[in-house]
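*Asks:* give the three-dimensional model of this entry:
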Amino acid sequence: MRVCNTEKIPIKMWLTDIEEGAMSQLRNLANLPFAFKHIAVMPDSHLGYGMPIGGVLATKGMILPNAVGVDIGCGMCAMRSDLETVDQEVLKNILWGIKALVPVGFEHHKTPQNEACMPGKQFERGPVCEREYRSALTQIGTLGGGNHFIEVQKGSDGAVWVMVHSGSRNLGKQVADHYNRIAVRLNENMRSSVPAEHELAFLSEDSDEGKAYLGEMNYCVEFALGNRKLMIERIADCFSKYTHCSFGPIINIAHNYARKEHHFGQDVWVHRKGATSAKKGETGIIPGSQGTKSYIVEGKGNPESFESCSHGAGRKMGRKQAQRSLDLKEEIKKMDDWGILHGIRGVRELDEAPGAYKDIAEVMKQQSDLVDILVELSPLGVVKG
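*Replies:* Numbering: from 1, shown residues only. Prediction:
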């Protein structure tokens, strides 16, 4: 960890270099009048919207929609099978089966899914989630695009694993955009001292608007988990068609949300945007790129990071930059040489090639005081959005 003390509160960083745009955003966070104690920056951090991905912000009494992001509740699920190996031809059939059952990219299911998959009655639907509910029934159990993936992996524990990365789809974006617009308007009306161009509009936790956002945010977090669970159920069905394996319990960890937590003697709102909880003894998931290792980890409960760790390897170049600068043949050769079944076919897919991401081994080294590695997972086959 290194510390920047040039702003109102310190910025504590678990990385050796960071792009200037992201650093500028961190300075903005560190000068918020309600920011608490310090800003924590994970080793996968890079430029985001208003707040860097890989950032952790604790606040007193205020909620920032842009410090959660548009894909509310996005996260990882992983489960361990009792398989020790999977034949590559069998794996190809499983991956084709998954693609037939799980829509990817902008695709949704053609018919509504079972309402039992949706968040329970304890998660009250606010006005946005109510408006979007019928549409969300066709989105649940879908992967999405960008860096979302389904991956079959071989663990250092000798077992075959399955991992899913996805979020709240369009439902979360609608909620995020709706309440950020409200926050912007309210901040303008109160002549907030936080410059509008910083894109850090906020809502009071005690206001009707703040309470409504928190309710809908929590609904989206639960929806995102239900989304991953439904995909995992269908992935397991694909495995059962070609193997006789069974799976253990699901490990789940989210990385876009705000939650009331107790740190440094006070109750504060911890915003994790592309960062995951790493309480002492808590099991987590840190994926690499589709060509590198992922990790099942155990949190160390480091107070300096607000008991957090990275949510992945983190990008080292933007999507357009990756498409312009990476060598397609070289990226395909790397994946082929590693024996990974993948979907890189053209320049468009280079935005998710291994070369677009930071070195996950270095990322794990930089946060060795935040988590312990339990299982290393090497990719066998990948379905990308």
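*Asks:* what residues does residue 189 make contact with?
*Replies:* Residues near residue 189 by Cβ atoms under 8 Å, 6 or more residues apart in numbering: none. Glycine gets a C-beta too; all of them are placed from N, C-alpha and C.
*Asks:* kindly apply the preceding question to residue 146 instead.
*Replies:* Contacts of residue 146 were listed using Cβ under 8 Å, 6+ apart, and they are 352, 385.
*Asks:* name the element it belongs to?
*Replies:* If you go by DSSP states H and E, residue 146 is not part of any helix or strand.
*Asks:* residue 322 - nearest residue in space that isn't next to it in sequence?
*Replies:* residue 356 (3.9 Å; Cβ to Cβ, 6 or more residues apart in numbering).
*Asks:* just give me the neighbour total for that neighbour.
*Replies:* Residue 356 has 22 neighbours, counted by other Cβ atoms under 10 Å.
*Asks:* ok, it - contacts?
*Replies:* Contact partners of residue 356, counting by Cβ under 8 Å, 6+ apart, are 289, 315-317, 319, 322, 326, 350.
*Asks:* export these to CSV and append columns for neighbour count and pLDDT.
*Replies:* Output for the contacts of residue 356, formatted as CSV (neighbours: other Cβ atoms under 10 Å; pLDDT from 0 to 100):
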residue, neighbour count, pLDDT
289, 24, 90
315, 22, 90
316, 15, 90
317, 18, 88
319, 15, 91
322, 21, 92
326, 18, 94
350, 23, 92
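*Asks:* burial count for residue 48?
*Replies:* With other Cβ under 10 Å as criterion, residue 48 counts 19.
*Asks:* before we move on, what about the one 5 residues further on?
*Replies:* A total of 24 residues lie near residue 53 under the criterion other Cβ under 10 Å.
*Asks:* how much space between it and residue 17?
*Replies:* According to Cβ to Cβ, to the nearest Å, residue 53 stands 15 Å off from residue 17.
*Asks:* ditto for residue 200
*Replies:* Counting by Cβ to Cβ, the gap from residue 200 to residue 17 is 24 Å.
*Asks:* between those two, which has more neighbouring residues?
*Replies:* Set side by side, residue 200 and residue 17 show more neighbours around residue 200, with 27 against 6, by other Cβ under 10 Å.
*Asks:* what sits against that one?
*Replies:* For residue 200, the contacting residues are 28-29, 32, 50-51, 64, 66-67, 194, by Cβ under 8 Å, 6+ apart.
*Asks:* nearest to residue 341 among these?
*Replies:* Nearest to residue 341 among those, counting by Cβ to Cβ, is residue 51 at 35.6 Å.
*Asks:* my guess is the closest one contacts residue 70. True?
*Replies:* No. Counting by Cβ atoms under 8 Å, residue 51 does not reach residue 70; the two are 12.0 Å apart.
*Asks:* out of those two, which sits in the busier spot?
*Replies:* Neighbour count, other Cβ under 10 Å: between residue 51 and residue 70, residue 51 has more, with 28 against 19.
*Asks:* give me the phi and psi angles of that one.
*Replies:* When read as degrees, to the nearest 10, the backbone of residue 51 gives phi -140, psi 140.
*Asks:* the closest residue to it other than its chain neighbours and residue 50, how far apart?
*Replies:* Closest residue to residue 51 apart from its sequence neighbours, by Cβ to Cβ, 6+ apart: residue 67 at 4.8 Å. Per Cβ to Cβ, residue 67 is found 7 Å from residue 50.
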